[in-house]
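> fold the following for me, if possible:
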Amino acid sequence: MKKTTLLLLTLFFISCASKNIDSKEINSLDYFEPIAYISIVNKGNNAIINDSISKLVEYRLDSVINEYSDRFRINKKLKMKDPLIQKSFENEILNLIVEKFINKKSEITPATPILDSILQINNSRFTMINVVSGFQRTKKNSRSQTFKSLAIGTLTLGNAIPIYSKNGVITYTLIFDSTGEKIVFKNKTDLNEYKPTKPSVLRSELIKTFRNYYF
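Just a heads-up that it's a prediction; the model follows:
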């Protein structure tokens, strides 16, 4: 368990989308198991990543991706059995997200030795990775924030009413082309103020990600 930092707090309001290849040219797509960082807000606005809920979101997004396997022309899912390799891989992906969505350095792709080696071992050309960042407030915290908002609104005669989000989710997506070692598609969704654990929300995130590309 650890406090949410980079994805939850810094990336919520960064927007970027681009494609360097038509989806029709991707006749076979492998994909990594989705990565999720979902936090629970228990007190005030302090968010702490919850591993079990994060795993649930990863599982449900994986199921949603498979619902559209024909549309995406999915070939296989790439998994890592070694937890240490998985952790290093996730760090590589986070660095890529920082470069592409925060620094917006489209001409620079950081070294990704683990990613490159996995693609070579699996003979994968086009490969997709999805990273979900989000949070959920507990019912107690949600009630507390509502009462606080109403109290401030009453004291200021309605001139200052704090607005807070009960839930939030954003999805970051990259498609890699091992030929030339480049990113051919990248996109992130806007902040969606719904529970990230809901399959319908994750389905909506995937459709928004690939609107006018696969959908």
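
> export stretch 82-89 as CSV, just CAs?
Output of stretch 82-89 as CSV, limited to C-alpha atoms (Å, rounded to 0.1, in the frame of the first residue of the first chain):
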residue,chain,number,x,y,z
ASP,A,82,8.3,-13.0,-12.2
PRO,A,83,7.0,-10.2,-9.8
LEU,A,84,10.4,-8.4,-10.0
ILE,A,85,10.3,-8.3,-13.8
GLN,A,86,6.7,-7.1,-13.6
LYS,A,87,7.6,-4.3,-11.3
SER,A,88,10.5,-3.2,-13.5
PHE,A,89,8.2,-3.3,-16.5
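
> give me the mean pLDDT for that stretch.
In this model, stretch 82-89 has a mean pLDDT of 92.

> buried residues in it?
Across stretch 82-89, burial judged by 16 or more other CB atoms under 10 Å covers 86, 89. Quick note: C-beta positions are derived from backbone N, CA and C, even for glycine.

> just stretch 72-80 next, same as before
Per 16+ other CB under 10 Å, stretch 72-80 contains these buried residues: 72, 74, 75, 78, 80.

> nearest residue to the third one other than its sequence neighbours?
The spatial neighbour of residue 75 that comes closest, neighbours along the chain excluded (CB to CB, 6 or more residues apart in numbering), is residue 28 at 4.5 Å.

> do the last one as well
Distances taken as CB to CB, 6+ apart place residue 86 nearest to residue 80, at 4.5 Å, with adjacent residues excluded.

> you'd agree the one you found is up against residue 78?
No - contact criterion CB atoms under 8 Å: residue 86 and residue 78 do not qualify, at 11.1 Å.
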